[in-house]
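J.: Need coordinates for the following:
(chains A and B)
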There are 2 protein chains.
Amino acid sequence: MSYLGVGVSPGNVPVYHGSNLKVIDRRVRLAELVLRCVICGLAILSAVLIGTDTQVKEIFTIKKKAKFTDMKALVFVVIANGLAAAYSLVQVLRCVLSMIRGSVLFNKPLAWAIFSGDQIMAYLMLAAVAAAAQSAVFAKFGQTELQWMKTCNMYAKFCNQVGEGIASAVLASVSMVVLSAISAFSLFRLYGDNKEKSSTRW
Amino acid sequence: MSYLGVGVSPGNVPVYHGSNLKVIDRRVRLAELVLRCVICGLAILSAVLIGTDTQVKEIFTIKKKAKFTDMKALVFVVIANGLAAAYSLVQVLRCVLSMIRGSVLFNKPLAWAIFSGDQIMAYLMLAAVAAAAQSAVFAKFGQTELQWMKTCNMYAKFCNQVGEGIASAVLASVSMVVLSAISAFSLFRLYGDNKEKSSTRW
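T.: From the prediction side, this is the model:
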């Protein structure tokens, strides 16, 4: 397997001589693949747990149904996790393809695209989780100063499932944060070789 | 001014030959300094706007006072912005010192420390802003499904000032996100020179 692709890569790409850099590169790619699979799984789990969560409560003769669309933050989490799952799936395919081909990422525009995508996803997921966690705290404990009453003692089953969904989303976000550091590494090390004339276009 | 420090830097550091890399480096450092100053200012502004915000309302004979500690998310924003301001101030001093000395960041442990600090700050500030924004939406529009009433028509002046504080915090977070990409660039390009034997310790 032509793992390194030395000689075929265009322009000012790092040329590998140290064997421990090969090992680092392989570990980084493996970590990336595993993390992307984990994120995909956790994001789907979170979106399904929150998106399918409903509970009907009968108060005298009035039926009240709790569903995730009652709270905008939960809709935001479901959308963010849906996007993250789709994005991760595409990225997993790209990782597998590049592993099969044995090519190394020396393409700056592609590295920039992956880096930007990962950053946006990490911040999006984190913001969604923070907003949902804040809503969950209000629902669980209420806010007596503002006379917002807690609703989780009425809809206990609903709240528990949302809690599981948020926990799953937190794990997915943390994985995404680690992953965005990895893609930053993959991108910016391309700017480190300064022996040849640089073609950076900043 | 010995800007590059070529020849005195230890180990496997990138050696600069291309003059446009010098220009990039200078621009990156200037952008970093400006952003850190901006973040420091915005974070202080946000913390002061929210932290000093109070409004007293008299309903019949009962006096009610709204303050930022009534809502945990606002306390979180004030703490996060206070931390960010202090952190940015230290970093500004470091930037100015390294500019006066004319040294370039080739120290991997220091670059890792700056990168980690910036990442933590960026995610912390974003999470705080998202939670506070969610709370502000509840306060402004209420949540009729849960019978949480809007409180901003009662405390209009208080809410407006909190809104300004959150807007300032949003700008500070966005600047921190850009800055964390810059520090990722400063760190990971150190891993790019592969011509000599690498001393990476992964």
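J.: On the three-state scheme, A:K63 is what?
T.: Under the three-state scheme (DSSP: H, G, I helix; E, B strand; the rest coil), A:K63 adopts strand.
J.: Just give the nearest non-adjacent residue to it, would you?
T.: Distances taken as C-beta to C-beta, 6 or more residues apart in numbering or on different chains place A:V56 nearest to A:K63, at 5.9 Å, with adjacent residues excluded. Heads up, the C-betas are built off the backbone N, CA and C, glycines and all.
J.: and if you look at A:M154?
T.: Once flanking residues are discounted, A:M154 sits nearest to A:K57: 6.1 Å by C-beta to C-beta, 6+ apart.
J.: ok now do A:E164, which residues does it touch?
T.: A:L49 (C-beta atoms under 8 Å, 6 or more residues apart in numbering or on different chains).
J.: Next one: it from chain B, what distance?
T.: Distance, A:E164 to chain B, by C-beta to the nearest C-beta, to the nearest Å: 20 Å.
J.: Ok, A:V92 next?
T.: Using C-beta to the nearest C-beta, one obtains 23 Å as the distance from A:V92 to chain B.
J.: and that residue, how many residues sit next to it?
T.: Other residues within reach of A:V92, judged by other C-beta atoms under 10 Å in any protein chain shown, total 18.
J.: Assess the claim that it and A:R36 are in contact.
T.: Yes: the criterion here is C-beta atoms under 8 Å, and A:V92 meets it with A:R36 at 4.8 Å.
J.: sorry, back to before: on the strand side of things, show who the residue nearest to A:M154 bridges to.
T.: When bridges are taken as DSSP bridges, the partners of A:K57 come out as A:K64.
J.: give me the number of residues near the closest residue to chain B within chain A?
T.: In chain A, the residue found nearest to chain B is A:G192; the distance is 1.7 Å by C-beta to the nearest C-beta. Using other C-beta under 10 Å, A:G192 has 17 other residues around it.
J.: ranges for the strands of chain A?
T.: Ranges of strands within chain A are A:54-59, A:62-67, based on DSSP state E.
J.: need those strands in CSV with mean neighbour count, can you?
T.: Compiled in CSV, the strands of chain A are given as follows (neighbours: other C-beta atoms under 10 Å in any protein chain shown):
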stretch, mean neighbour count
strand A:54-59, 12
strand A:62-67, 13
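J.: ok, back up a step: name the nearest residue to the residue of chain A closest to chain B, ignoring sequence neighbours.
T.: If you skip the residues right next to it in sequence, A:G192 has B:G192 as its closest partner in space, 1.7 Å away by C-beta to C-beta, 6+ apart.
J.: where are the low-confidence patches of chain A?
T.: In the predicted model, chain A carries pLDDT under 70 at residues A:1-19, A:104-106, A:193-202.
J.: For the residue nearest to A:K63, give its distance to B:Q143.
T.: Distance from A:V56 to B:Q143, counting by C-beta to C-beta, to the nearest Å: 19 Å.
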